[in-house]
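Trainee: this one's structure only:
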C-alpha cells in the first residue's frame, strides 16, 4: 500500500477486535453460550481457524494462531451481581479476560480536602489543549481532593467550534461566559442561543448540548463536581430538538440560563457589597449556589468574615482587590481580573482596596450557608 494513501471514513465497512485463541472448539462455547454473543462468520469449514462473533455493541474476531497477546473485553451490566460481582474478571478457556462492570455506577463525589489557595493569572504560563481544541487553565490545582474542578477556558479563534452533541455525568456543572460570547444549544431548550459575557448556565446531569460557535478570544469559566467526570458523545440525538417540559429536571436539577442584563442587585452576605443571584441555588435545589458580587461603597474596607460551607470558590471577574487571610499569620494577596481563590470553612478573611469596577464570581456548595461577620 502506498504510504501516501489515505483511508477515508467512507471506505471503512466494519471493524473488529482481535482475540487470540488456541482452540475455537473450547473458546466459542464460552462467548456464545455463557456471554450471549452470536456467531456471524466462521472459516474454513473443514478446520475452523477464525470465527467472528458480535453482541453487546462489539464485534470480535477469534483467531487461531494470532500473534496478539491475551485480550480484554469489558461487559457493562445493568445488574452485575446477577451475573458476576462488579469488577470481577472471567477468564476464557484460551486465556482471554472478560471484565464485568456496572453499566450505571453511582456518581461518587470524594470528600472535600479543604485548603486555602490563591491562583493568579500572571503565574499561569501554560494552557493545556483539551476537548474540541479549547485551551484549559486549572484554577484549583489540588482539586480539593477530587471534589471539584474549576477551569478557565479560552477559544482563541472565533467561528464554528468542532464540538459534538454530548453530555456529562456530573453532580453540578456551571458555564459562565467571562469574555466574548458563545452560541450554544441544549436538549429541550429550543433554538440555539447566545451566551454573552456576564451570563451563565448550569448544565444539569446528562443534558445533551453542543457548543456551536464562538467569538474571537472567548473565555469561559467552567466548574464541575466531582473533578473527574465522564463526557459521553451522543451520536443519535440531533439538536435543537424543540422545547420540552419547562418543569423537567435532570436528576433533581433544572436548566438555568441567567442573563446579566435582567439581573437584580441586592445587599450581599458581606457588608459593603451587593450581589446578583443567578438562580442556580433554586435550580439545583440547594446543591450549589452562584452569585456575582461587587462593592457598593457603604463599607470600606469590608469587615472580617468566615463561612461554614463545604466548598467556597471565587473568581475575580473584573477590577482588583486585596484578599487578607488570617492563616498562619496574617497574609495579603493582591488580586486582579482572572485570579481565583478558595476559602476553606471557618477561615477569617476580608476584602480590602476593592476597585470601583471590582466584581467577584462566587460559587459555593451547598448554596445555603452561614456567614459570620466579626466586628
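Mentor: Looks like it arrived, so ask away. None of these values were measured; they are calculated from a predicted model.
Trainee: alpha carbons only for contacts and neighbour counts from here, please
Mentor: Will do.
Trainee: Low-confidence stretches in the stretch 151-300 of the chain?
Mentor: The model of the stretch 151-300 of the chain has no residue with pLDDT under 70.
Trainee: residue contacts, the most centrally placed residue in the chain?
Mentor: The residue lying closest to the centre of the chain (C-alpha atoms, centre = their mean) is residue 224, at 5.0 Å. Applying C-alpha atoms under 8 Å, 6 or more residues apart in numbering to residue 224 gives the contacts 148-150, 170-174.
Trainee: ok, which stretches of the stretch 151-300 of the chain are helices?
Mentor: 280-283 (DSSP state H, counting those that start in this stretch).
Trainee: OK, contacts around residue 351?
Mentor: Contacts of residue 351 by C-alpha under 8 Å, 6+ apart are 301-303, 321-324.
Trainee: rewinding a little: please report how far the residue nearest to the centre of the chain lies from residue 178.
Mentor: 16 Å (C-alpha to C-alpha, to the nearest Å).
Trainee: same deal with residue 71?
Mentor: 47 Å.
Trainee: Then residue 355?
Mentor: Taking C-alpha to C-alpha, one finds residue 355 at 18 Å from residue 178.
Trainee: pretty sure residue 299 is touching residue 272, no?
Mentor: Yes: counting by C-alpha atoms under 8 Å, residue 299 does reach residue 272; the two are 4.2 Å apart.
Trainee: Have a look at these two and say which one is more surrounded.
Mentor: residue 272 (18 against 13; other C-alpha atoms under 10 Å).
Trainee: Next up, the contacts around that one.
Mentor: 295-300, 302.
Trainee: Give me the subset of those residues that lies in strands.
Mentor: Among the contacts of residue 272, the members falling in strands (DSSP state E) are residue 295.
Trainee: Of the contacts of residue 272 - the most surrounded one?
Mentor: Comparing these by number of neighbours (other C-alpha under 10 Å), residue 295 comes first, having 26 neighbours.
Trainee: Would you mind naming the residues that pair with that residue in a beta bridge?
Mentor: As for beta bridges, residue 295 partners with residue 273 under DSSP bridges.
Trainee: again, but for residue 333
Mentor: Residue 333 has the following beta-bridge partners by DSSP bridges: residue 323.
Trainee: Checking the residue sitting furthest away from the middle of the chain next. Helix, strand or coil?
Mentor: What lies farthest from the middle of the chain is residue 46; by C-alpha atoms, centre = their mean that is 53.3 Å. Classification of residue 46 by DSSP: H, G, I helix; E, B strand; the rest coil places it in coil.
Trainee: so what's it scoring on pLDDT?
Mentor: Looking at residue 46, its pLDDT reads 80.
Trainee: Then residue 26?
Mentor: 92.
Trainee: Please apply the same query to residue 80.
Mentor: Reported pLDDT for residue 80: 74.
Trainee: can you count the residues close to it?
Mentor: By other C-alpha under 10 Å, the residues close to residue 80 number 18.
Trainee: my read: it touches residue 86, true?
Mentor: Yes: counting by C-alpha under 8 Å, residue 80 does reach residue 86; the two are 5.5 Å apart.
Trainee: could you measure the residue farthest from the centre of the chain against residue 372, distance?
Mentor: Distance from residue 46 to residue 372, by C-alpha to C-alpha: 83 Å.
Trainee: Same check on residue 343?
Mentor: Distance of residue 343 to residue 372, given as C-alpha to C-alpha: 14 Å.
Trainee: Thanks a lot, see you next time.
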